[in-house]
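>>> Provided below for reference: sequence and predicted model.
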Amino acid sequence: SMALYRWVCFVLILIGLYELGVGLFQCIQVMRLGMPYYTVCGTFENPAPYSILIVLILPLALDYALFVRFRHGQKVTNMLFYLSAFYLLFSVVILVMCVSRAAWVASVISLMSMVWLRMKCAWIKKCFVLLAVFVLCVPFLYGMYVLKKDSADGRLFIWKISYPVAKQQIFSGVGIGGFPYVYGEAQEAYFREGKGTQDEEMLVGAPDYAYNEYLQIWIELGLPGVLSCLCLMAYVYIRLLRCRNVEVVGLCGAMVSFMVVSLFSYPLRCFATCLLSLFLLLWAAWMPMMLCEKKRYGKVGMVCGLLVLIGVGAVVCIQFNKSYRTCTAMKHWGMVRPYFDREKYEGIENCYRVLYPDLKKDVGFLFEYGMCLSYNGHYEESNIILNEGAKRSSDPMFFNLMGKNFQALGRFEEAEEMFYKAYYRVPHRIYPLYLLMGLYEKEGRDLEMLEKAHQIVGKKEKVPSSLTGYLKKEAGLKLQEYERSNGKGKNMEIDWF
């Protein structure tokens, strides 16, 4: 059993070293070419899941590099020692470059838990050592908060909006994948009721995750769901501790790392990190069976564990749309997207229609399909597809496009409601106000049009861009045009214009 344990550690550390190697190459590109730090993401799309993968494997490497010394005649253990030392060295560089605070906190706490398990002294001395480490880490934690203050405040705001939603899910949740929609509705209601401050308006976005797995599971599966998950993790961890085998301390640390990073990030929302997290959980549940209860389970336990692992892997693949049909459809979608980017909507509508059955859970696909239908004049059908996407996302752009469809159909009240929904979901965005200004102008509601134009001109931008500059310029021109048409302010100047 321990030989198999070492080989599993060996494979996982090799996978981690490969990702670290890719990340180190990207670090060199950052330093040589001055590229932004967020390009250091290994084979992932952004640094967050990349850092999660690194920190989930890190405790295994820490255990072999710091606590398991070189042993003569034990080739696998010795290889693990050297590989773990390299992993430890490279991971320090990568985690610093990724600026992932969740990964830093998880690595420190998992290391402290491993020190606790490895120290052979009275528990009072252990508590004193850990307290001293914690006190030393307080300035470090404050520095992490200051380093990316807006990002940290943004996550706190997400939790502030998510918690009242979670409290409503006592017995049953909204279903897996339902978090973005209910969060978007809650954030919209918060700002529509005038509860938000100006600082909060500048912080908000359209998140797909709660940045807290326990909170998101509570919302999606209800209170029984999150309590079941917590009890399962506690049960597996306690059983692993009762093995009293020092070689599984690294696996205990990996469990702690997963539990901590789940408080601040989303390890279960990315395919690779979800697969690794569930594998670690199943591995931790299986090890006591093989170490402490081998006579009781024997080969049957090994076979059952393997079958459960395969079953969980299959469920994860299905949940993340990794079936053969879906992967093939994704490839075909990738072939169609260049035409979408060139706005060749008429020629690719049928392609999207064919791909829809296999990609109807993909938010990006639904938005593009809805846009194709809208530009080709199929407004009703477009709104049906966009409404499906809005149920899976908190992005206000779905409502912007639905509002434009209603406006094209002459249903102005519904269009107005869609534009307001888009605005209150992310209040610092100017585009919904611009669409409202155009709607009011078309209806001849000059006072409301002028009000929105003034609001656009005076709106503070979160991230200045050429698009926001253009929208403000158009609003300013509307104001000047109205003044001229009424014989006033022919020489009016606007300070930004």
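Arrived safely, thanks for sending. Residues are numbered from 1 along each chain as shown.

>>> buried by neighbour count: which residues of stretch 275-295 qualify?
For stretch 275-295, the neighbour count (16 or more other CB atoms under 10 Å) marks 275-292 as buried. For the C-beta atoms, the positions are set from N, CA and C on the backbone; glycine is no exception.

>>> number of residues surrounding Trp123?
Using other CB atoms under 10 Å, Trp123 is surrounded by 9 other residues.

>>> distance check, it against Leu240.
Separation of Trp123 from Leu240 (CB to CB, to the nearest Å): 19 Å.

>>> which parts of this structure are strands?
Secondary structure of the chain (DSSP state E): no strands located.

>>> so, low pLDDT: which residues of it?
Residues of the chain that meet the criterion pLDDT under 70 lie in 1, 34-38, 69-74, 76, 292-305, 487-497.

>>> ok, longest helix in it?
Under DSSP state H, the helix in the chain containing the largest number of residues is helix 2-33.

>>> any idea how far that helix is from the middle of the chain?
Distance of helix 2-33 from the chain centroid (CA atoms, centre = their mean, to the nearest Å) equals 22 Å.

>>> next one: stretch 384-392
20 Å.

>>> cool, stretch 159-175 as well?
Worked out by CA atoms, centre = their mean, stretch 159-175 lies 18 Å from the chain centre.

>>> kindly report the same for stretch 448-459.
34 Å.

>>> next: stretch 411-426.
On CA atoms, centre = their mean, the centre of stretch 411-426 falls 27 Å from that of its chain.

>>> so which bits of it are buried?
Neighbour count says stretch 411-426 has 412, 414-416, 418-426 buried, by 16+ other CB under 10 Å.

>>> okay, that stretch in PDB with CA atoms only?
Extracted in PDB, the C-alpha atoms of stretch 411-426 (Å, rounded to 0.1, in the frame of the first residue of the first chain):
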ATOM      1  CA  ARG A 411     -42.100  46.400 -27.400                       C
ATOM      2  CA  PHE A 412     -40.600  49.400 -25.700                       C
ATOM      3  CA  GLU A 413     -41.700  48.800 -22.100                       C
ATOM      4  CA  GLU A 414     -40.000  45.300 -22.100                       C
ATOM      5  CA  ALA A 415     -36.900  46.800 -23.800                       C
ATOM      6  CA  GLU A 416     -36.700  49.500 -21.100                       C
ATOM      7  CA  GLU A 417     -37.000  46.800 -18.300                       C
ATOM      8  CA  MET A 418     -34.200  44.700 -19.900                       C
ATOM      9  CA  PHE A 419     -31.900  47.800 -20.100                       C
ATOM     10  CA  TYR A 420     -32.500  48.700 -16.500                       C
ATOM     11  CA  LYS A 421     -31.900  45.000 -15.400                       C
ATOM     12  CA  ALA A 422     -28.500  45.200 -17.300                       C
ATOM     13  CA  TYR A 423     -27.700  48.600 -15.700                       C
ATOM     14  CA  TYR A 424     -28.500  47.600 -12.100                       C
ATOM     15  CA  ARG A 425     -26.600  44.300 -12.300                       C
ATOM     16  CA  VAL A 426     -23.300  46.200 -12.900                       C
END
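
>>> so what touches that stretch?
If you take CB atoms under 8 Å, 6 or more residues apart in numbering as the criterion, stretch 411-426 is touched by 184, 187-189, 191-192, 204-206, 394, 396-397, 399-400, 402-407, 429, 431-433, 435-436, 439, 442-443.
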